[in-house]
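Engineer: Have a look at this prediction, sequence included:
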Amino acid sequence: MRDVQNEIDYRKIEIDKVGVKNLKYPIVLLDKANDKQHTVASINMYVNLPHQFRGTHMSRFIEILNKYRREIDIHNMGNIMKEMKENLHAESAHLEIEFPYFIEKSAPVSGAKSLMGYQCKFIGELNHRIKLSLEITIPIQTVCPCSKEISDRGAHNQRGIIRVMLQFKGFLWIEDVIELLEDCASGTVYSLLKREDEKYVTEKSYDNPAFVEDVVRNVALKLEQVENILSYQVEVETCESIHNHEAYACIVRDQ
């Protein structure tokens with residue numbers, strides 16, 4: 001049978017990334033409270049394509065992923081990418097595994113429990129060496145310090161996110177990162193709140209106004225205290241409630 005992908009391409013243009021994207025796949029993760037957590041990931045798998053090849057073999061990505069279907073986590077991403085390079089005769093490999101991660105969270109006053117979802121992503125690159133990162137997006141609330149200062153009644157507040165991308169050595173619990181950083185804003189976000197909880201959250205946020213600049217610096221200070229974090233990128237973004245724009249701040253610290 002004719003192998004069209006392996007035919008010679010005479011345009012002599014290398015492709016940086018080629019592969020499969022947005023593949024939905026069940027995965028099992030370590031859970032600090034419950035040992036394991038089952039979730040569904042959106043997976044991207046790419047390799048580079050040397051200039052002499054017309055195409056890559058898309059089915060091989062799925063075959064490799066299926067081989068590791070019960071063992072997909074940050075610890076074996078290196079092995080998956082090595083197989084991608086070898087099976088597809090590539091010089092580099094890239095793997096992204098994005099998934100919702102759920103943590104049981106108690107309301108601050110009533111103690112009412114509910115599941116809170118956090119969007120997370122493992123990112124892997126393999127060139128001459130393996131580079132692994134963990135990305136976590138944490139919902140937050142901010143109260144504007146300027147609005148509070150100049151207003152006779154109240155202050156505008158809004159939902160936002162903290163997004164961190166971390167490179168680290170050893171092991172890092174997703175739960176520990178979230179717990180460390182949630183309090184860096186004016187207030188935290190919950191799935192379930194009773195009236196007494198709403199009163200507490202509203203007043204606590206009002207007493208702790210913060211610009212995105214304040215939040216991103218608070219996060220950086222917390223991350224600097226974690227010894228096994230090697231480098232990080234922090235982004236803070238708020239969907240402003242009275243402005244027709246979003247507020248944004250970012251800090252990058254490389255190795």
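Structural biologist: Right, received. Where do you want to start?

Engineer: I'd like the distance between E98 and D73.
Structural biologist: Here E98 is placed at a distance of 13 Å from D73 (CB to CB, to the nearest Å). Heads up, the C-betas are built off the backbone N, CA and C, glycines and all.

Engineer: which one of the two has more residues nearby?
Structural biologist: Just comparing E98 and D73: by other CB atoms under 10 Å the higher neighbour count belongs to E98, 16 against 13.

Engineer: tell me which element the more buried one is part of?
Structural biologist: Per DSSP states H and E, E98 falls inside strand 93-106.

Engineer: Can I get that strand in PDB, CA atoms only?
Structural biologist: Below are the C-alpha coordinates for strand 93-106, written out as PDB (Å, rounded to 0.1, in the frame of the first residue of the first chain):
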ATOM      1  CA  ALA A  93       8.100  16.400  20.900                       C
ATOM      2  CA  HIS A  94       5.400  18.500  22.600                       C
ATOM      3  CA  LEU A  95       2.600  17.300  24.900                       C
ATOM      4  CA  GLU A  96      -0.200  19.200  26.600                       C
ATOM      5  CA  ILE A  97      -2.700  17.600  29.000                       C
ATOM      6  CA  GLU A  98      -5.500  20.000  30.100                       C
ATOM      7  CA  PHE A  99      -8.100  18.900  32.600                       C
ATOM      8  CA  PRO A 100     -10.500  20.100  35.300                       C
ATOM      9  CA  TYR A 101      -9.500  19.200  38.800                       C
ATOM     10  CA  PHE A 102     -12.000  19.100  41.700                       C
ATOM     11  CA  ILE A 103     -11.400  19.900  45.400                       C
ATOM     12  CA  GLU A 104     -13.900  19.700  48.200                       C
ATOM     13  CA  LYS A 105     -14.200  23.200  49.700                       C
ATOM     14  CA  SER A 106     -16.000  24.300  52.800                       C
END
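
Engineer: Report all helices and strands that the helix or strand just after it contacts.
Structural biologist: Sequence order places strand 113-126 as the next helix or strand after strand 93-106, per DSSP H and E. On a contact count with 3 or more CB pairs under 8 Å, 6 or more residues apart in numbering; DSSP states H and E, strand 113-126 meets helix 77-87, strand 93-106, strand 130-143, helix 174-181.

Engineer: In contact with the residue nearest to L193 when sequence neighbours are not counted, which residues?
Structural biologist: Sequence neighbours aside, A107 is the residue nearest to L193 in space, at 5.4 Å (criterion: CB to CB, 6 or more residues apart in numbering). Neighbour list for A107: 113-114, 190, 192-194, 197 [criterion: CB atoms under 8 Å, 6 or more residues apart in numbering].

Engineer: So what's the residue count around N218?
Structural biologist: 18.

Engineer: where does it fall, helix, sheet strand or coil?
Structural biologist: Using DSSP: H, G, I helix; E, B strand; the rest coil, the structure places N218 in helix.

Engineer: Was I right to think it contacts L180?
Structural biologist: No. Counting by CB atoms under 8 Å, N218 stays clear of L180, with 10.6 Å between them.
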